[in-house]
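Novice: predicted model and sequence follow; I will ask about them next.
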Amino acid sequence: MDGVQIEQLLGKPEQSPEVQALLKHFGVTKKLKLNSEGYVSLGLEPHGLQFSFKPEAEKSSKLIFSVVFFYTEVEGFKLFAGTLPFGLKFTDTKVETRSKLGTPATILERYRRDNFIKGDRYLVCAYSPDGPLKSLTVGLNRDQQSG
């Protein structure tokens, strides 16, 4: 499945037909349950993906698809083989990423990360020590999230 399609589902309820189709596509059949920190983290290591769901509101059982992580072969994950959103590629360097996304909202040189705000999304671009993008996190801006 294409990363652009996945990213476009952010903000949709877990029970929506689109999110259910996404979960089914990746073989998720069990009911999602909140962890002790109050959200659902769903690692899809063979696909190079991780999804997070948060409650729509405090004490709500309705879960909202709130964050997607796209990985290269790092941290036990396989390479995400689809197209990344925002025109990014895992071969992009910081310079190339910044030319596509503009000036980062925050630069964390020590951690080799750039944080961007794009409309109602935040992006975290993490770079390998040798330069290219190693992971991309896309989530709903805090003011777009409930809970």
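Specialist: Nice, thanks for sending it over.
Novice: where do the helices of this structure begin and end?
Specialist: Chain-ordered helices for the chain, with DSSP state H as the definition, fall at 3-8, 17-25, 94-101.
Novice: redo the ones you listed as JSON lines? Include mean pLDDT and distance to residue 72.
Specialist: Yep, even glycine has a C-beta here, placed from its N, CA and C like the rest. What follows is those, written out as JSON lines (pLDDT from 0 to 100; distance: least, C-beta to C-beta, whole Å):
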{"stretch": "helix 3-8", "mean pLDDT": "96", "distance to residue 72": "13"}
{"stretch": "helix 17-25", "mean pLDDT": "96", "distance to residue 72": "21"}
{"stretch": "helix 94-101", "mean pLDDT": "96", "distance to residue 72": "14"}
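Novice: between those helices, which one is closest to residue 131.
Specialist: helix 94-101 (7.1 Å; C-beta to C-beta).
Novice: and the helices of the chain, which is most packed in?
Specialist: A comparison of those by mean neighbour count, using mean count of other C-beta atoms under 10 Å, puts helix 3-8 on top with a mean of 17.
Novice: how many other residues sit next to residue 1?
Specialist: One way to gauge burial is a neighbour count; for residue 1, by other C-beta atoms under 10 Å, it gives 16.
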